[in-house]
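> The sequence isn't on hand, but the structure is:
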């Protein structure tokens with residue numbers, strides 16, 4: 001008997017996996033799993049007895065006296081890291097032009113943007129900016145570098161669900177820049193008007 005399990009994680013479906021491979025994955029109880037014979041019904045992993053299924057799959061037999069008879073397995077198999085059963089954009093590889101686009105979020109929010117996008121070295125810019133005379137120039141240099149290379153750095157730093165998801169996140173950072181700049185200008189304008197009265 002051979003089982004074919006499929007696993008849903010982060011909106012993607014992975015598989016097929018044998019019972020042995022599923023055991024090796026050590027799934028959390030609430031991860032959704034289905035088996036090919038279940039007709040697309042998804043259940044939490046805790047509802048399956050993968051150990052028993054592995055024993056059936058491997059031909060293991062529990063004898064009447066309680067002893068276990070196992071077939072000889074020539075070599076252990078390796079669990080594949082993942083097999084997509086659906087066409088997912090995870091495998092999308094953006095070209096150099098897409099990765100070279102200016103990143104406004106990285107430019108304006110440098111270290112904050114970096115922490116949220118898995119790029120942690122811009123945190124050093126906070127310390128370096130405190131150096132007398134040269135600190136502000138270092139800060140400006142870091143911001144410009146992040147503006148130029150931010151898209152590439154963020155794409156390589158994290159495992160993104162898809163290129164579209166990544167672009168949406170970076171677009172949200174750019175919108176945040178517009179809000180901050182817009183609110184700042186409005187406050188300056190209000191301050192100028194109030195100070196003239």
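Happy to help now that I have it. Given the structure is predicted, the values throughout are model-derived calculations rather than measurements.
> drop to CA atoms for contacts and neighbour counts, all remaining ones
Will do.
> tell me the SS of the residue at minimal distance from the centre of the chain?
Residue closest to the mean C-alpha point of the chain, counted by Cα atoms, centre = their mean, is residue 159 at 3.5 Å. The local conformation at residue 159, judged by DSSP: H, G, I helix; E, B strand; the rest coil, is coil.
> swap in residue 143?
helix.
> Double-check that residue 101 belongs to a helix.
No - with the criterion set as three-state DSSP, the secondary structure at residue 101 is coil rather than a helix.
> Show the residue spans covered by the strands in this structure.
In the chain, strands defined by DSSP state E lie at 5-9, 12-17, 32-35, 43-44, 61-62, 68-69, listed in chain order.
> So which of these is nearest residue 23?
Among those, the nearest to residue 23 by Cα to Cα is strand 12-17 (9.6 Å).
> Quick check: buried residues in the closest one?
Of all the residues in strand 12-17, those buried under the rule 16 or more other Cα atoms under 10 Å are 13-17.
> From what I see, residue 18 and residue 2 are in contact.
Yes - contact criterion Cα atoms under 8 Å: residue 18 and residue 2 qualify, at 6.9 Å.
> Same drill for those two, tell me which one is more crowded.
Here residue 18 and residue 2 are compared on neighbour count by other Cα atoms under 10 Å; more neighbours surround residue 18, at 20 against 13.
> Next one: the more buried one, what pLDDT does it get?
Residue 18 is assigned a pLDDT of 87 by the prediction.
> how far away is it from residue 34?
When distance is defined by Cα to Cα, to the nearest Å, residue 18 is 12 Å away from residue 34.
> What of residue 132?
61 Å.
> more neighbours, these two?
Neighbours were counted for residue 132 and for residue 34 using other Cα under 10 Å; residue 34 has more, 21 against 8.
> The top helix by length along the chain packs against which elements?
The helix that spans the most residues within the chain, counting by DSSP state H, is helix 163-195. Taking 3 or more Cα pairs under 8 Å, 6 or more residues apart in numbering; DSSP states H and E as contact, the helices and strands that helix 163-195 lies on are helix 104-116.
> and the closest residue in space to residue 123 that isn't next to it in sequence, how many neighbours?
The shortest distance from residue 123 to any residue that is not its chain neighbour, by Cα to Cα, 6 or more residues apart in numbering, is 5.1 Å, and that residue is residue 111. A count of nearby residues for residue 111, using other Cα under 10 Å, gives 22.
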